[in-house]
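Peer 1: Sequence first, predicted model second:
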Amino acid sequence: MSKIYGWLKKYIDPLVPLWGILPLASCFFVNCLVYWATMYLCAGLKHYDLTLPFDESVPFVTEWIFVYFVYCYAFWLFGYCYVARTYRDKKKKLFRFVTADMLSRVVCMIIFIVLPTTNVRPEITGTALSDEVTRFLYSVDQPVNLFPSIHCLVSWLCFIGIRNAKNVPLFMKIFELVSAVAIMASTQFLKQHYIVDVIAGVALAEICYMVCKYIKLPKYVRKFYDKVNIKILKLVGGKA
């Protein structure tokens, strides 16, 4: 056993199974590809504003930026790794999760192209730290690709991925549920998304996760990653 594989097995594998790292990393790659590619492809198209009366009644609260722009990324990383750790001995269930994640991004890509969306962001006049961070977010993140909300989609997947797992304690399920709901709330209070974006994100997560229980696609995805993992592990002196 090589030193590299030994280190990975000792320090990384207890946190997330080594065979699950590549599939999870692929989810991140597909997400970035879909988001940035569709933003580029749809730059010259007409974008639609899906504002509803409910959205206009929600106050603008910049303090939620720390949930939307800071906490969410830590939660997503933890959530996906926790799903992989939960199903360490149940590859079938993890690949259902991974396939649902990727499938949801394919659907997002289609929607982003067919129905480009945008919104009108409020003017930020304050000088508090939360105002400055929100102002920075607005400067680097264009108000496009809003429907469905990927923030809400990913957050909800973190929850439904472990929702019915018998080996996950109740307090952890509550933690993931509350975190997902908090992130959804942040999209509203920061005017990053409208309520229809939230509903669509949650619905898409549920639909893709349910569909992947009955189709054979997760099986093929698993076979592909099993073959790739075997080759990678051989390179670092390990075994599958």
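Peer 2: Perfect, I can see it now. Residues are numbered from 1 along each chain as shown.
Peer 1: What is the neighbour count of residue 75?
Peer 2: 21 (other C-beta atoms under 10 Å). Using the backbone N, CA and C atoms, a C-beta is placed for each residue, glycine as well.
Peer 1: Work out for me the element the residue nearest to it when sequence neighbours are not counted sits within.
Peer 2: In space, and not counting its chain neighbours, residue 75 is closest to residue 179: 5.0 Å by C-beta to C-beta, 6 or more residues apart in numbering. In this assignment (DSSP states H and E), residue 179 forms part of helix 170-189.
Peer 1: what's the residue nearest to residue 97 when sequence neighbours are not counted in contact with, if anything?
Peer 2: Nearest non-adjacent residue to residue 97, counting by C-beta to C-beta, 6+ apart: residue 161, 4.8 Å away. For residue 161, the contact set (C-beta atoms under 8 Å, 6 or more residues apart in numbering) comprises 79, 80, 83, 86, 97, 209.
Peer 1: From these, pick the one nearest residue 28.
Peer 2: residue 80 (8.4 Å; C-beta to C-beta).
Peer 1: quick check: mean pLDDT across the helix or strand harbouring that closest one?
Peer 2: According to DSSP H and E, residue 80 maps onto helix 72-86. For helix 72-86, the per-residue pLDDT values average out at 97.
Peer 1: again with stretch 139-151
Peer 2: Average pLDDT, stretch 139-151: 96.
Peer 1: what's next to it, contact-wise?
Peer 2: Taking C-beta under 8 Å, 6+ apart as the rule, stretch 139-151 contacts 31, 35, 38-39, 42, 47, 50, 68, 72, 105, 108, 111-112, 115-121, 183-184, 186-187, 192-194, 196-198, 200-201, 203-204.
Peer 1: Could I have the buried ones of the residues you listed as ChimeraX selection syntax?
Peer 2: ChimeraX command restricting the contacts of stretch 139-151 to the buried ones, with burial defined by 16 or more other C-beta atoms under 10 Å:
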select :31,35,38,42,47,50,68,72,105,108,111,112,116,117,118,119,183,184,186,187,192,193,194,196,197,198,200,201,204
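Peer 1: got the CA positions of the helix holding residue 179 in CSV?
Peer 2: Extracted C-alpha coordinates of helix 170-189, given in CSV (Å, rounded to 0.1, in the frame of the first residue of the first chain):
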residue,chain,number,x,y,z
LEU,A,170,-33.1,12.6,14.2
PHE,A,171,-31.2,15.7,15.3
MET,A,172,-29.1,15.5,12.1
LYS,A,173,-32.2,15.3,9.9
ILE,A,174,-33.7,18.3,11.7
PHE,A,175,-30.4,20.2,11.3
GLU,A,176,-30.3,19.6,7.6
LEU,A,177,-34.0,20.5,7.2
VAL,A,178,-33.6,23.7,9.2
SER,A,179,-30.5,24.6,7.2
ALA,A,180,-32.2,24.0,3.9
VAL,A,181,-35.2,26.2,4.9
ALA,A,182,-32.9,28.9,6.2
ILE,A,183,-31.0,29.0,2.8
MET,A,184,-34.3,29.2,1.0
ALA,A,185,-35.4,32.1,3.2
SER,A,186,-32.1,33.9,2.5
THR,A,187,-32.9,33.8,-1.2
GLN,A,188,-36.1,35.7,-0.5
PHE,A,189,-34.8,38.3,1.9
